[in-house]
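Trainee: give the three-dimensional model of this entry:
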Amino acid sequence: MLWKIFAGASILVLGLVGCMSGGDGAAIIKPAAIVLRGGKVMTMDANNSTAQAVAVNGNRIVAVGTDQEIARYIGPNTQVIDLNGKTLLPGFIDSHIHPVSGAERLAQCSVDGAALSVADIISYALQDCLPKEVNPAADKWIQIVNVNPANFSASATDLDRISTSRPVLLAGIDGHTSWVNTKALALAHIDANTPDPSGGQIERDSQGLATGFLKDAAQGLVMAIIPELSLREKLTLTQQALDLVRSKGITSIQDAWASPQVMEVYEALEKTNQLNMRVRVNLKSEIIDTEAEYQRLLTIRAHFAGHPLIRADGVKIFSDGVIEYPTQTSAMMLPFLDANGQPTENFGGRYFEPNVLNRYVARLDKEGFSINVHSIGDFTTHTVLDSFQYARDKNGVSDNRHQISHLQIVDPVDFPRFAKLGVAANMQLFWAEPDEYTMDAVAPFIRPETHRYMYPAASLKAAGATLIGGSDWPVDAIPGDPMPNTPLASTQIAITRRNAQSDSPHFGEILHIEESSDLHTMLAAYTINAAKALKQDASTGSIEVGKLADLVVLDSDLSSTAAAQIDKVQVLYTLFSGAIVYDASKVQTTQKLQQKRVMQSSAMRSDGMPLAIKRQRRSHDMCGHDH
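Mentor: Got it, this is the predicted structure:
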């Protein structure tokens, strides 16, 4: 217990912070603004200490200890929160999220990631989305978001059934896939002569004609011509998104693909005191070895140097796509298999030249940037680690704290290289369960020995890698909940690796239990380890005297909660810089964003039956190829 650690030393610590000296030399305690007492305080400090109570003054933690020790900080104006045995943790840190782009999806017609046929989606568009439009312009885009891409197929001709006069876009929930109608192809000037853009693919039929299916960066050809929302609209939606994020106990985020337009939104929110979130951004970039690109990134970083809430000292790059059939653009060491289990000639999307990647990574490493690389396939991860080794050989050892995100498949030979090179494993373990993605859309198309290392969290940790956690929101949506991938829900799946969705054909199945994590590993991934990866561990990530009072209160004792019930634990309070920014008791049930339901009972399947919307999950990475 923490009081044992503090015995003898605690009085000195408490006397130095939040105290004044009396005339006789005795310490006079300054009353705290907030005291949280009677709880299970999981500090996540270096000793993994626990305590009972915490005192907060201003934006800082001024004392941590037993109820008796902290009682002296209670004055007539102190707000006292009795925890009654509930858990108090450092505020969660989401190390991979896209709040601004995700916010726009909150306002669009959504199918919430449900497994639907193209006929179902067409029926939904005609019966539910279009009738709700209010005087739309004749050329307004029809956008349906959060489409489940696993084993999904749609053509431009299919989507012409929704409209031939207006452009139509279906956006995959993974951020890597889109389908458009004939009108949209024409407006984007995509035809048989249009080359695939760098980092993307235009699917074509046997005659070389574009089918309407766009993968990865090819989506940008269409997204570039869709009118942007106004800054005012973006601010309103982003405020809603950040309210949602705070309701999950998250107080710091790493935006993993920030364009100049995204940075404009964050800066505008901060200037009007509406941000209430620590934001570390990974600036959007491409793997190009040009002085102009390096100077562009340096200029943005310099603009935010010393900013109170926003840091722009990270860079995000995209090196492959996604592994699920039919997209299959992740870069693999061995080729994908066909439906009969035979090797194909498809090794996935190898979206860079290794020598260019080496020069690019080495230059950014020299400039002091933290580099975050999207990697799904084992080939990409191996090659990216090679580039970090190249940078180290060229520049020497740095403290830039690079990351690789997703890591769906990793070659065992690469496990120890993460620790050796100081590269954090930025994982989305909410996806580490048997479902239609990991099993139906992946398992038949790769070798069993490759599938064995699907989301290899335990193997990476055993080899010394530091695991950090992120949601990749707005990837993942279910009917009634636009953000099911929370730190707590991810923790449950990371520990159990079990499908708990009763309506899933994979209900009760377990995905490679040998890769299971434990509670402390996962809490560290969303607190102190994430803070270290984001270079803010001196001020956040653990509950210690002098650190910022970013805290989350849960409704139960997490340490005694069964692993299969962790996702049932609710956030009661979120504190940011010593202020309560989310209070569950003050949020009316009907107003909670997480209960937002987009799919209406009026929507019908193509066969005339009501749409059966199941609790389907995502898959992968809103890297922003469509932005």
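Trainee: so Tyr124 sits in a strand?
Mentor: No: counting by DSSP: H, G, I helix; E, B strand; the rest coil, Tyr124 is not part of a strand but helix.
Trainee: you'd agree it is up against Val111?
Mentor: Yes: with contacts counted by CB atoms under 8 Å, Tyr124 reaches Val111, the gap being 6.4 Å. Heads up, the C-betas are built off the backbone N, CA and C, glycines and all.
Trainee: give me the neighbour count for Val545.
Mentor: Neighbours of Val545 under the rule other CB atoms under 10 Å: 18.
Trainee: so where's the stretch 301-450 of the chain uncertain?
Mentor: Judged by pLDDT under 70, the stretch 301-450 of the chain has no weakly predicted residues.
Trainee: which residues touch Ile250?
Mentor: Contact partners of Ile250, counting by CB atoms under 8 Å, 6 or more residues apart in numbering, are 91-94, 277, 487, 574.
Trainee: do that again at 6 Å, thanks
Mentor: Neighbouring residues of Ile250 by CB atoms under 6 Å, 6 or more residues apart in numbering: 92, 94.
Trainee: that one and Pro487, how far apart?
Mentor: 7 Å (CB to CB, to the nearest Å).
Trainee: who touches both of the two?
Mentor: With CB under 6 Å, 6+ apart, Ile250 and Pro487 have common neighbours Phe92.
Trainee: and Gln492, what element?
Mentor: Here Gln492 sits within helix 487-496, counting by DSSP states H and E.
Trainee: what does Ile93 give?
Mentor: strand 92-97.
Trainee: so Ala443 makes contact with Thr450?
Mentor: No: look at Ala443 against Thr450 with CB atoms under 6 Å: they stay out of range, at 9.8 Å.
Trainee: ranges for the strands of the stretch 301-450 of the chain?
Mentor: For the stretch 301-450 of the chain, the strands defined by DSSP state E, counting those that start in this stretch cover 310-318, 370-375, 403-406, 424-427.
Trainee: make CSV from the ones you listed and add distance to Thr157 and mean neighbour count to it.
Mentor: Output for those, formatted as CSV (distance: least, CB to CB, whole Å; neighbours: other CB atoms under 10 Å):
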stretch, distance to Thr157, mean neighbour count
strand 310-318, 30, 24
strand 370-375, 32, 27
strand 403-406, 33, 27
strand 424-427, 39, 27
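Trainee: out of these, which gets nearest to Ala339?
Mentor: Ala339 lies closest to strand 403-406 among the strands of the stretch 301-450 of the chain, at 25.3 Å (CB to CB).
Trainee: which residues touch that closest one?
Mentor: 96, 372-376, 384, 423-424, 426, 621.
Trainee: and what of stretch 499-518?
Mentor: Counting by CB under 6 Å, 6+ apart, 432-435, 438-439, 456-458, 494-495, 497-498, 614-615 sit against stretch 499-518.
Trainee: buried residues in it?
Mentor: 499-501, 504, 506, 511-512, 515-517 (16 or more other CB atoms under 10 Å).
Trainee: now for those residues, which pair is the farthest apart?
Mentor: Among the buried residues of stretch 499-518, Ser504 and Ser517 lie farthest apart (CB to CB), at 21.5 Å.
Trainee: would you put the C-alpha positions of the helix holding Gln492 in CSV?
Mentor: Presented in CSV, the C-alpha positions along helix 487-496 are these (Å, rounded to 0.1, in the frame of the first residue of the first chain):
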residue,chain,number,x,y,z
PRO,A,487,-9.8,1.9,-23.0
LEU,A,488,-11.9,-0.4,-20.8
ALA,A,489,-13.5,-2.3,-23.7
SER,A,490,-10.1,-2.8,-25.3
THR,A,491,-8.7,-4.0,-22.0
GLN,A,492,-11.4,-6.6,-21.7
ILE,A,493,-10.7,-8.0,-25.2
ALA,A,494,-6.9,-7.8,-24.8
ILE,A,495,-7.2,-10.0,-21.7
THR,A,496,-9.8,-12.5,-22.8
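Trainee: buried ones in the next helix or strand after it, by neighbour count?
Mentor: Counting by DSSP H and E, the element after helix 487-496 in chain order, helix or strand, is helix 519-525. Buried residues in helix 519-525, counted by 16+ other CB under 10 Å: 519, 521-525.
Trainee: among the residues you listed, which one lies nearest to Asp472?
Mentor: Using CB to CB, these come closest to Asp472 at Ala525, 14.0 Å.
Trainee: nearest residue to Thr540 in space, please, no chain neighbours.
Mentor: Among residues not flanking Thr540 along the chain, Ala531 sits closest, at 4.9 Å (CB to CB, 6 or more residues apart in numbering).
Trainee: repeat that for Asp216.
Mentor: In space, Asp216 is closest to Gly200, 4.2 Å off (CB to CB, 6+ apart).
Trainee: quick one: contacts for the one you found?
Mentor: So Gly200 contacts 215-218 (CB under 6 Å, 6+ apart).
Trainee: pLDDT, distance to Asn47 and neighbour count for these - can I get that in CSV?
Mentor: Converted to CSV, those look like this (pLDDT from 0 to 100; distance: CB to CB, whole Å; neighbours: other CB atoms under 10 Å):
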residue, pLDDT, distance to Asn47, neighbour count
Lys215, 94, 48, 25
Asp216, 91, 45, 27
Ala217, 92, 46, 24
Ala218, 95, 51, 27
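Trainee: now the two most distant members of those.
Mentor: Taking CB to CB, no two of the contacts of Gly200 sit farther apart than Lys215 and Ala217, at 8.2 Å.
Trainee: any idea how far Val475 is from Thr329?
Mentor: 16 Å.
Trainee: more neighbours: these two, which one.
Mentor: More crowded of Thr329 and Val475, by other CB under 10 Å: Val475, with 28 against 25.
Trainee: and the more buried one, what pLDDT?
Mentor: Val475 is assigned 92 on the pLDDT scale.
Trainee: okay, domains of the chain per the record?
Mentor: Domain segmentation of the chain under automatic domain parsing yields 99-228, 231-543.
Trainee: between the two ends of stretch 224-236, what distance do you get?
Mentor: 22 Å (CA to CA, to the nearest Å).
Trainee: list of residues touching it?
Mentor: By CB under 6 Å, 6+ apart, stretch 224-236 touches 141, 187-188, 265, 268.
Trainee: got the buried residues for it?
Mentor: So stretch 224-236, judged by 16+ other CB under 10 Å, has buried residues 234-235.
Trainee: list the contacts for Asp82?
Mentor: Asp82 touches Gly38, counting by CB under 6 Å, 6+ apart.
Trainee: where does pLDDT dip in the chain?
Mentor: Using pLDDT under 70, the flagged stretches of the chain are 1-27, 588-627.
Trainee: change it to 50
Mentor: 1-17, 589-610, 612-619, 624-627 (pLDDT under 50).
Trainee: and the contacts of strand 403-406 as CSV, adding distance to Leu467?
Mentor: Converted to CSV, the contacts of strand 403-406 look like this (distance: CB to CB, whole Å):
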residue, distance to Leu467
His96, 12
Asn372, 15
Val373, 16
His374, 17
Ser375, 15
Ile376, 17
Val384, 17
Val423, 12
Ala424, 8
Asn426, 8
Asp621, 17
